[in-house]
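[1] Structure for this input, please:
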Amino acid sequence: VDLANQNGVSGAASYKEVDVTFESQNTFTGAPLVVSYSDAGQIELHARYDIPFDNDVNSAITSEDYLVGNDSFVVRPFGFDIDFDEDRANNGGGLSRANDATGPAFARAGVDFSTSVTARVWQAADDSNSDGVPDSDANLTDNDITPNYGNESSAPENDVVVTHSLVEPAVAIGSRDGTLTGGSSFTGFTAGASTANLQFSEVGIITLNANLADNNYLGSGEDVQGNTVNVGRFYPHNFNLTSASTTATYTTKSPFTYMGQEFTTSFTLQARNADNEITQ
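    Below is the predicted model of the structure:
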């Protein structure tokens, strides 16, 4: 039997000969044929069998009359790699990874941070339980890109939604979770990648998760996922001082203090984001 993919033309552009064994019921048996495709998309696989002359399977002469068949299937990207100007690709973390409050400062609350989402192929090291989903915090930066991703016929086949969850501070209630804005829906993939500026309204450390907008790649019923953990630290954009007052301690009648003399002061200090909202 000769096998071929469509290669973007009508019918098969070329075939590769493989050995198979059929039972009397015309059912293929033996080891399964392992087909691997290095990109993403809907694939049409063609097969043909050159019928032996006079139907004699032992004959070395073929009739050039073919028994043919074809069927299609979908190959999805293994997962989405999330990175920040290749910060994690360069050294596995860089300024974008903070394990706790002593980690490096990454971005101010409410200010743009450039984020890329890239569709990548499978690697065994990133799928320890073989479920076809990237492990938590799997490093996909060294996986090959699927450049077909983004050429699907219509949206939202390739739209990607990025969401967040708060890691630190550990206790979050209501608005303390913060808001992720500024392009959390990634569109317009080129050569398998899309970049947008995100903003996080709060301070702390977060995890980012990527999924298909419709959770259904090319009608296959399959989602594509990705995540990156410990993104941060996000820190206040500015501090605002309000209700400030000072009191001299030398005498209640004196409106001033002398050099070196103690005085008391009180004020309210507000940590704010780029929109001057108080970070909770």
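[2] residues touching the residue lying closest to D83 once chain neighbours are set aside, list them.
    In space, and not counting its chain neighbours, D83 is closest to S116: 5.2 Å by Cβ to Cβ, 6 or more residues apart in numbering. Quick note: C-beta positions are derived from backbone N, CA and C, even for glycine. Listed by Cβ atoms under 8 Å, 6 or more residues apart in numbering, the contact set of S116 reads D81, I82, D83, F84, D85, E86, A193, S194, T195.
[3] Could you rerun that using 6 Å?
    D83, A193, T195 (Cβ atoms under 6 Å, 6 or more residues apart in numbering).
[4] Any chance of JSON lines for those residues, columns pLDDT, distance to V20 and neighbour count?
    JSON lines is the format used below for those (pLDDT from 0 to 100; distance: Cβ to Cβ, whole Å; neighbours: other Cβ atoms under 10 Å):
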{"residue": "D83", "pLDDT": "94", "distance to V20": "43", "neighbour count": "21"}
{"residue": "A193", "pLDDT": "96", "distance to V20": "39", "neighbour count": "21"}
{"residue": "T195", "pLDDT": "94", "distance to V20": "46", "neighbour count": "17"}
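[5] And the residues you listed, which is closest to T264?
    Nearest to T264 among the contacts of S116 is D83, at 50.0 Å by Cβ to Cβ.
[6] and the strand or helix carrying H46, what other elements does it pack with?
    Assigned by DSSP states H and E, H46 belongs to strand 41-52. Here strand 41-52 touches strand 2-5, strand 62-75, going by 3 or more Cβ pairs under 6 Å, 6 or more residues apart in numbering; DSSP states H and E.
[7] From the contacts of S116, pick the one nearest M259.
    Nearest to M259 among the contacts of S116, counting by Cβ to Cβ, is D83 at 54.9 Å.
[8] Kindly provide the distance from that closest one to N148.
    Using Cβ to Cβ, to the nearest Å, we find D83 at a distance of 20 Å from N148.
[9] Please apply the same query to N99.
    36 Å.
[10] what about these two, which has more around it?
    Each of N99 and N148 has its neighbours counted (other Cβ atoms under 10 Å); N148 has more, 20 against 14.
[11] Quick one: the strands in the stretch 1-150 of the chain, in order.
    2-5, 16-17, 21-22, 28-29, 41-52, 62-75, 79-83, 107-108, 113-120 (DSSP state E, counting those that start in this stretch).
[12] what's the closest of those to Q280?
    strand 107-108 (15.6 Å).
[13] Show the average pLDDT along the closest one.
    Mean pLDDT, computed over strand 107-108, is 97.
[14] which strands and helices sit next to that strand?
    If you count contacts as 3+ Cβ pairs under 6 Å, 6+ apart, strand 107-108 packs onto no helix or strand.
[15] Show me what that strand is in contact with.
    By Cβ under 6 Å, 6+ apart, the residues outside strand 107-108 that reach it are F113, F234, H237.
[16] between these, which has the most around it?
    Neighbour max across these (other Cβ under 10 Å) = F234, 27 neighbours.
[17] That one pairs with what?
    Beta-bridge pairing of F234 under DSSP bridges involves A107, G204.
[18] from now on call the first residue 4
    All right, first residue 4 from here; so that's F237.
[19] Would you agree it is in contact with F203?
    Yes: applying Cβ atoms under 6 Å, one finds F237 in contact with F203, separated by 5.2 Å.
[20] and among the strands of the stretch 4-153 of the chain, the most buried is which?
    strand 82-86 (a mean of 26; mean count of other Cβ atoms under 10 Å).
[21] That one packs against which elements?
    When contacts are defined as 3+ Cβ pairs under 6 Å, 6+ apart, strand 82-86 sits against strand 116-123, strand 207-215, strand 228-238.
[22] For the longest one, buried residues please.
    Going back to what we said before, that points to strand 228-238. Neighbour-count burial for strand 228-238, counted by 16 or more other Cβ atoms under 10 Å, picks out Q228, G229, N230, T231, V232, N233, V234, G235, R236, F237.
[23] Which single one of those residues is nearest to I281?
    Once Cβ to Cβ is applied, the member of those that ends up nearest I281 is F237, at 14.4 Å.
[24] contacting residues around the closest one?
    F237 touches A110, A112, F203, V206, G207, counting by Cβ under 6 Å, 6+ apart.
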